[in-house]
Structures are given as C-alpha cells and as structure tokens.
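for reference, the sequence and a predicted model appear below.
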Protein chains: 2
Amino acid sequence: MRTRILEILGQSSKEYLSGEEISRQLSVSRTAIWKQMQTLKQAGYEIEAHPRRGYRLKNRPDLLLPYEIRDTLSTKILGQGEIYYFSEIDSTNIEAKKHANLGCPEGSIVLAETQNGGRGRLSRSWFSPTGKGIWLSVVLRPPFYPYDAPKCTLMAAVAVTKAIRNVTGVKCGIKWPNDILYQGKKVVGILTEMSAEFDAINHVIIGMGINVNIKEQEFPAELIDVATSLSVITGHDISRLTLLHAVLVELENAYEGVIQRGFSEMLDEWRELSVTLGKNVNVFGGGREFSGLAVDIDNDGALLVQTDDALEKVLAGDVSIRPQIG
Amino acid sequence: MRTRILEILGQSSKEYLSGEEISRQLSVSRTAIWKQMQTLKQAGYEIEAHPRRGYRLKNRPDLLLPYEIRDTLSTKILGQGEIYYFSEIDSTNIEAKKHANLGCPEGSIVLAETQNGGRGRLSRSWFSPTGKGIWLSVVLRPPFYPYDAPKCTLMAAVAVTKAIRNVTGVKCGIKWPNDILYQGKKVVGILTEMSAEFDAINHVIIGMGINVNIKEQEFPAELIDVATSLSVITGHDISRLTLLHAVLVELENAYEGVIQRGFSEMLDEWRELSVTLGKNVNVFGGGREFSGLAVDIDNDGALLVQTDDALEKVLAGDVSIRPQIG
C-alpha cells in the first residue's frame, strides 16, 4: 500500500491530495492512510499534511526503495525482475543466491541499506554503512559455458567504472581482476559467484559494494589508507538512485554486448580502464609469490605478468601494484 | 534414541537384551523403548520380542540409514560429515546445495530412499523409485580453481565405475562425460554442480543416481531401451549399503589422488574405463551437430572428436555413440 500511496502522491507532487481522495482510490480507511503517512515520514519522505487540503509529497529520501528504483529505470532485464530490498541484511550475495536457487527471474536484484556480514573476494569482510553506499547483487542467467563465467567479473568492473565516470566524472580505474580504484584507493569491490553444472551455468550473482557517500571520518582506521568514497573524491554527496540506475543500464549494455558479440570488445574496454596493465606488480596466492610487469590480460581474463624468466599467467590470488620508485 | 537402541541391540545380535536393561542404559522408560521398537519394526528391522528374555535384532533392512552407513564406513572425509537422510525428497542435489551454502562440512552427504524431482544433466528428470537405488549427493570443498571443477564429474564417474566393478563384477563403462553404461544402457547418471567465485570454489556437489535393484518391469516404458539396473544385469539383488560404502571409499581415494597428484592419473583411468573413445559419435549441442571419431579427452576433460575436416573439442552437449553397421 505504501508503494501505491507514493505513486498517487508522486503523480501530483505540486498539488495537495485529500486524505479522502487517497482513501477512496485505495479503498482503505483514512486512519489507515494516516498511519502509512507516519511510516513514510519516518522513512525519510517529506510529506506535508495540511488540515484542509490534505497531503503533498515535498521530498523523497535517498533510499533505494523498489518503487523509487522502478520509477524511471530504462533497462529491459536488470532490475525488471524481482527487487528484494532490505534495511539491513547479512549479505546481499547470500540473499541473492537463495532466490536464484529458488528460480527467481534473471535481472532480479537484492539491495540493502546496510550489510552486517558484507563480504568481498576471498572471504574478506566489506564495510557497508547504512545508507552510504550501494550494496547490490544482481542475478544473471547467462547462456555461456561455465569457463566463461569468470569473465563476468571483468564485465561488471567495466560497467560500474563507466557508470561512475558518467554520473560523477570521477576517473576511477580497474585493478585486476575487479577492484575499482581512485588514486590507489578502493571505491568499489565486486564479488562474482556462480552456480554451474558440467556444461551449463545455473546462475551468476554479481555482487558489488560501491562506496558512495561515506565520509572520510566514517571509515574504520584500518581502511583509511586503502578505501575512499565518491563523496570524498568529489566533495559532495551523490544520488545513490541516479548512480544505481546508471550501473544497471551499463551492466545491461555490457551483458547484451557480450551475449551478442562475445567477450573481446569488453576485454578491450577492460584494458582501457585498467590501472594494472603497464605497472610493476607483486603477485601473491595459489602458493606462489613473484613480481613482474603486468603486460596484458588473455582471452580467459587471466593477467599476464612478465617476470625476468617467463610470461606468467595469473588466474587467482592478490595482485598489488608496486609503488614507483625514483 | 533409535540409533542408540540399534547400537545396543547390534552389539549382541545373537542374545536377547531385556527392556529393563535397555531402558537403564538409555535412561528412558520401558514404554518409550517399546514405542521405538514398533517404529523400528515398521522401518523394516526384524526385532524379536520375547516376553521374558527381551529384545533381539534378527535382521536389518536394506535402508540407507545414517547409523547403518556410519557403522562400518572406513573413509576419512566422505560420509564423515553430516548425513542428511530422507525417506522422500525432491532432489538430493537441491538439498545438498542448501546445506553447502549454509556451511556444512566437506564430506557431508544427502541420501533419500526416493526422489520426486530427481534431475540429471541438462535439467532432465531422473527416475528414482523407493529403495531401489542409491540417490546420493556428496558435498566437496576442493582446493582447485573453478576451471578444474568440471573434471570432478569425470572423477566421480571413474570412482563409481570402479566401485560397481568391485562390488558386483559388472563390467560397466563410462560414456563421456559421466554416464555409466552397461551394453549401451544407463546404470548410473551423475550431476555435478559447483558454486564458485572468480578464483575459488565454494563447493562442488556430486549427485548420482545408481540403479541398483530396479526390476526390468519397474522401469517406465520410455526408459526400458535406455536404462537398466545392477540387479537386472546380475540376476540378483545387490546390497545398497555395501555398494554405497564402496562408492564413498573409491570417491575419496580418487579425490585424494587428484588433490595430491593432480588430474592426469585420474584422466588416464577415465580413458581406460571409457566406452566412448575409439567409437564413432554424433555430437549435438551448443548450436552444433556433427559426427566423427572420438579419439581422446584433453587435460580439461573435453572430448576430442576427429571429423573429416578437423579435430573438434567438445566441451558441452550430448554425445551419442553411433551403432556399428556391417
């Protein structure tokens, strides 16, 4: 009902609508309407109530509510399935996996204002303060083979980088495989998970944490040197709703492009947006540790690192960019 | 408590144990013991009750009950985690996925006497009549990269083929990738599913349906020409418990071998047990259809098919063996 009230109020945001009129349109009592208005106000909606004229919607909060998201979303698939919205959740990826296993349609998304168990790659925790970021998981059901799925994580990095550049002008770049950095600090983390059979993908979950309006002093001490947010970079708050729309649109474009034309264009875009290629890197993981020059990614999305002895193919682990000396 | 009663009775299966003695050992009333005995009888246990001497376990049913499975199981991992047992379930793989996502230990297994939604590869249904087969899913958490996971399906086929040959003497073989056939008819189907991140596997579920004691006339009409069971082949019933133990032991051996020494030995065993290699095959799937000679599998587990024009690498789809003419 709350969604319907917002819809009705939204259609005539400059004019007042009488409680009587709203209760007639929704076939509920005026007391019920009044109660919903209180809830909406608590959720951050600025609703003016005039004793004779009725109600008027003055301002919407920057909440990622399903109705707000659907309102002006121009995608065909992403965000057009189910939208699962939570004030608080353990992890949007865990929730998305549940729904994906139960058969939710492709393009369904999970959003939360905060995650109390947000996770990044390799089981690391992800700081997800309330209302300050986009904590999002998208369910895809790609017609690829399982060995193509890891490239979805590169695709997501490309799409989110483009969305951020378009909306905020921030020239962030991608650290292999899928961290989005600005001047060496992390702005976005992406965690892609897939469920697959021998030769078919059941689903791919693209989870992302975008640090939008976190203030510098809000970051925990251990993150201050390694993470930042778009509001810190630009000096002003960013509309999460606008950015979310852009992310869904770019991700859909990238996804459709890959389905229609394969991965090579997307991999070229990744190369252009990369901050790893051409840098000296330390590679750590998979039982190995070595350094070299990151020269390219191959068709599998693996990072190619030229050491003194060989061209190493890096499929897993941590890659850190070595600070330049001299 | 039922498990404890079976344990106590099992320790002295030739002698009677008084209800008083059992109720003392378990610290419950004799009425409670009596009720449990009725339940066990209904489950198929032959329990002799003598008015003065007490109870005696004459015969165990061929049920795959957790206690029966654990009793003499010699593995270190498989079947040593949780054992989830159901009289009836939709699909053991679906159930296993749930527990795996919730963090159940490696080696946990799901078993059901019947599945009402049993599935094979490519969403095909799997006939799973009550008590006539082994409908099993095993949860592994392999330390491999995601691109190695598809080979787990070949590994499972090798292990189950060896277990069947050892226990029953039936010389079944493997059709690529993982069907187990005897004289062209399917005895076992395997459905491997994985959940993975970009560069780490969360879990692999190895689901299998082994047609053990299904009688010829019990197969639905559409399966009679394509499926058979071990009891049809051998002419006598097979102990599902003995076979299950052998499957878990062989699968564990294969898994440990792969972890310690890589996939190449296992792939060689697959080649030896294959009924596909050296045959003319039709390949159908992934938008392609062609025929050729199945010459080998490569290190990824892909089937290599020599056509008139090229050596084709088959990663997905259906491969049928062409009947020999002349």
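Nice, thanks for sending it over. Numbering: from 1, shown residues only, chains lettered A, B, ... in the order given.

for the longest helix seen in chain A, list the C-alpha coordinates in PDB.
The longest helix of chain A (DSSP state H) is helix A:240-261. Extracted in PDB, the C-alpha atoms of helix A:240-261 (Å, rounded to 0.1, in the frame of the first residue of the first chain):
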ATOM      1  CA  ARG A 240      22.600   6.700  -5.000                       C
ATOM      2  CA  LEU A 241      19.500   6.300  -7.000                       C
ATOM      3  CA  THR A 242      20.900   8.000 -10.000                       C
ATOM      4  CA  LEU A 243      24.100   6.000  -9.800                       C
ATOM      5  CA  LEU A 244      22.300   2.800  -9.300                       C
ATOM      6  CA  HIS A 245      20.200   3.400 -12.400                       C
ATOM      7  CA  ALA A 246      23.400   4.100 -14.400                       C
ATOM      8  CA  VAL A 247      25.100   0.900 -13.000                       C
ATOM      9  CA  LEU A 248      22.100  -1.200 -14.100                       C
ATOM     10  CA  VAL A 249      22.000   0.400 -17.500                       C
ATOM     11  CA  GLU A 250      25.700   0.000 -18.100                       C
ATOM     12  CA  LEU A 251      25.800  -3.600 -16.800                       C
ATOM     13  CA  GLU A 252      22.900  -4.500 -19.100                       C
ATOM     14  CA  ASN A 253      24.600  -2.900 -22.100                       C
ATOM     15  CA  ALA A 254      27.800  -4.800 -21.300                       C
ATOM     16  CA  TYR A 255      25.900  -8.100 -20.800                       C
ATOM     17  CA  GLU A 256      23.900  -7.700 -24.000                       C
ATOM     18  CA  GLY A 257      27.100  -6.800 -25.900                       C
ATOM     19  CA  VAL A 258      28.900 -10.000 -24.600                       C
ATOM     20  CA  ILE A 259      25.900 -12.200 -25.400                       C
ATOM     21  CA  GLN A 260      25.600 -10.800 -29.000                       C
ATOM     22  CA  ARG A 261      29.300 -10.300 -29.900                       C
END
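
next one: it to chain centre, how far?
11 Å (Cα atoms, centre = their mean, to the nearest Å).

may I see the buried residues of it?
By 16 or more other Cβ atoms under 10 Å in any protein chain shown, the buried positions in helix A:240-261 come out as A:240-241, A:243-255, A:257-258. Any C-beta I mention is one placed from the backbone N, CA and C, and that applies to glycine too.

so for that helix, what's the average pLDDT?
The average pLDDT within helix A:240-261 is 96.

following it, which helix or strand comes up?
Moving toward the C-terminus from helix A:240-261, the first helix or strand encountered (DSSP states H and E) is helix A:264-273.

centre of the chain to stretch A:34-41, how far?
Offset of stretch A:34-41 from its chain centre (Cα atoms, centre = their mean): 29 Å.

pLDDT averaged over that stretch - what is it?
pLDDT averaged over stretch A:34-41 gives 86.

try stretch A:112-129
For stretch A:112-129, the mean confidence score works out to 84.

which of the three states applies to the residue of chain A positioned farthest from its centre?
Relative to the centre of chain A, and counting by Cα atoms, centre = their mean, the farthest-placed residue is residue A:52 at 43.3 Å. Under DSSP: H, G, I helix; E, B strand; the rest coil, the three-state class of residue A:52 is coil.
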